[in-house]
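Undergrad: Fold the following, please.
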Amino acid sequence: SVFKNINPRMIDLIITSKDKELSDFLSQGYTCIYDQQRISKSQCHSVNFENKPTELMYAADFTKPKLNQIRSLIPVDKSCFVYGRNWPKEPGLIIKGWLHGDDYFTQINSTKVALGIQNLEMNDTLTTRIFEIPSAGSLLAANRFPEIEHVFGDSIIYFDECPGRIAEVLRDDELCEMMTRKSQDRCLAHVSLVETMLDDLL
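TA: Model prediction:
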């Protein structure tokens, strides 16, 4: 966690995604708020349902927990495009190479549903990818956490609804587009847009 004391009697800003840390700070009398995520304007793409050839995708390097989770999420009659390294050949997975830069966001934009699998061992909740997917114009599917529900409400797919919910949404383009647009609007209301990530760091 990163925190800055502005004034002991006024406000202490806590940047954290871990519920236990947050409750610990609150119990010590700190006032806590979440810092906004930052997204480069170049990562934002309009939602375009006339050009979504891919139904389901995930982008990350292989780990066994991620593979097990993907297995539980893919509807029986669907396949998932997986972009990353060291993935084994599996029924239902279409293994592709690692995506870089603009190619990554373009692929997200051309996909109906993108999986935002968090690292549960690290207690990940509001990771950057959770914001990248909707800002790039795809419908996010992710684990359910209070922080994510606060940002997205019912505008995304939650893993505890899958694989049935993914199958339902993929069958209904009108529903998928409506949820995608709503989730993008809610995402952009919770992020800070910068010209480029490099400009923001400088």
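
Undergrad: Name the residue closest to the centre of the chain, please.
TA: residue 130 (1.9 Å; CA atoms, centre = their mean).

Undergrad: Helix or strand: which one has that one?
TA: helix 128-135 (DSSP states H and E).

Undergrad: which residues touch that helix?
TA: Here helix 128-135 makes contact (CB atoms under 8 Å, 6 or more residues apart in numbering) with 37, 39, 43-45, 105, 108, 114, 116, 118, 139-140, 142, 148, 152, 156, 180, 183-184, 186-188, 190-191. Bear in mind the C-beta positions are built from the backbone N, C-alpha and C, glycine included.

Undergrad: swap the cut-off to 6 Å and go again
TA: 37, 39, 43-44, 108, 114, 116, 140, 142, 183-184, 187, 191 (CB atoms under 6 Å, 6 or more residues apart in numbering).

Undergrad: farthest-separated two in those?
TA: Greatest spacing in these, by CB to CB: 44 and 142 (18.8 Å).

Undergrad: between the two, which one's more packed in?
TA: Per other CB atoms under 10 Å, whichever of residue 44 and residue 142 has more neighbours is residue 142, with 23 against 19.

Undergrad: So that one sits against residue 115, correct?
TA: No - look at residue 142 against residue 115 with CB atoms under 6 Å: they stay out of range, at 7.6 Å.

Undergrad: quick one: the longest helix seen in the chain to helix 128-135, angle?
TA: Using DSSP state H, we find that the single longest helix of the chain is helix 173-188. Inter-element angle recorded for helix 173-188 and helix 128-135: 130 degrees (by axes from the mean of the first three to the mean of the last three CA atoms, to 10 degrees).

Undergrad: need the next SSE after helix 173-188, C-terminal direction.
TA: Counting by DSSP H and E, what follows helix 173-188 is strand 191-194.

Undergrad: what mean pLDDT does that next one have?
TA: Average pLDDT, strand 191-194: 80.

Undergrad: Buried residues in it, which are they?
TA: Buried positions in strand 191-194, judged by neighbour count with 16 or more other CB atoms under 10 Å: 191, 194.

Undergrad: any idea how far that strand is from the chain center?
TA: 15 Å (CA atoms, centre = their mean, to the nearest Å).

Undergrad: Remind me what it packs against, helices and strands.
TA: strand 37-40 (3 or more CB pairs under 6 Å, 6 or more residues apart in numbering; DSSP states H and E).

Undergrad: and the very next helix or strand once past the helix holding residue 130, what does it pack onto?
TA: Scanning forward in sequence from helix 128-135 by DSSP H and E, the next helix or strand is strand 139-142. Counting contacts by 3+ CB pairs under 6 Å, 6+ apart, strand 139-142 packs against strand 111-116, helix 128-135, helix 173-188.
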